[in-house]
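K.L.:
Below is the structure, and that's it, no one-letter string:
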């Protein structure tokens, strides 16, 4: 049985590395955007050699970038910190996903959660007899279950509609 592979953005397979870090996501986003390490160095003000070592494709040769450096890199590439977080989480937990798919999922999660804290606060305050002291950590687990079920229902409906429009259902 061969080693598992991960499909980078744009096509050809590559061997799965022992871990997929934020740096791997940044490297793929650079490739998609056509941004070189040299371009990134100019736009961030960081040294080209430092970026090359921090964003090396070989994990064993990679040195960690400091948080302020990574923030400059993310900003230069237009990657929101939430997108970076979601991409990192997906890469760390799902092995059979392409970078193109990671980008789509991270973008959807960012959009889904954009403004969510304020909306949750507004909803709780609007319910007569409740206030924010009634909020508990474990409510997040129940809310996540509801969201996942709703997404499952929605995507099932989308797939059903797609099959109908493709002529596979009556």
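P.N.:
Structure received. Source: prediction; values computed, not measured.

K.L.:
So which bits of stretch 87-106 are buried?
P.N.:
Residues 87-88, 90-91, 97-99, 102-103, 105-106 are the ones in stretch 87-106 that count as buried (16 or more other C-beta atoms under 10 Å). C-beta coordinates here come from the backbone N, C-alpha and C atoms, glycine included.

K.L.:
host element of the residue nearest the centre of the chain?
P.N.:
By C-alpha atoms, centre = their mean, the mean C-alpha position of the chain lies nearest to residue 87, the distance being 2.4 Å. Mapping residue 87 onto the secondary structure by DSSP states H and E places it in helix 81-93.

K.L.:
now that helix: mean pLDDT?
P.N.:
The pLDDT scores in helix 81-93 average 90.

K.L.:
Enumerate every residue touching the residue nearest to the centre of the chain.
P.N.:
Under the criterion of C-beta atoms under 8 Å, 6 or more residues apart in numbering, the contact list for residue 87 reads 22, 25, 102-103, 106.

K.L.:
Tell me which other helices or strands whichever helix in the chain runs longest touches.
P.N.:
Among the elements of the chain assigned as helix by DSSP state H, the one spanning the most residues is helix 139-165. Taking 3 or more C-beta pairs under 8 Å, 6 or more residues apart in numbering; DSSP states H and E as contact, there are no helices or strands that helix 139-165 lies on.

K.L.:
which parts of it are buried?
P.N.:
If you call a residue buried by 16+ other C-beta under 10 Å, then helix 139-165 has no buried ones at all.

K.L.:
That one: how far from the chain's middle?
P.N.:
Averaged C-alpha coordinates place helix 139-165 at 19 Å from its chain's average position (C-alpha atoms, centre = their mean, to the nearest Å).

K.L.:
Ok, stretch 157-166 next?
P.N.:
The offset between the C-alpha centroid of stretch 157-166 and the centroid of the whole chain comes to 27 Å, using C-alpha atoms, centre = their mean.

K.L.:
for that stretch, what is the average pLDDT?
P.N.:
Across stretch 157-166, pLDDT averages out at 89.

K.L.:
Do a quick rundown of the helices in the protein.
P.N.:
Assignment of helices within the chain using DSSP H yields the ranges 22-33, 37-44, 48-54, 67-77, 81-93, 99-113, 116-126, 139-165.

K.L.:
can you redo the ones you listed as TSV with distance to residue 132?
P.N.:
Converted to TSV, the helices of the chain look like this (distance: least, C-beta to C-beta, whole Å):
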stretch	distance to residue 132
helix 22-33	32
helix 37-44	39
helix 48-54	41
helix 67-77	30
helix 81-93	22
helix 99-113	19
helix 116-126	6
helix 139-165	12
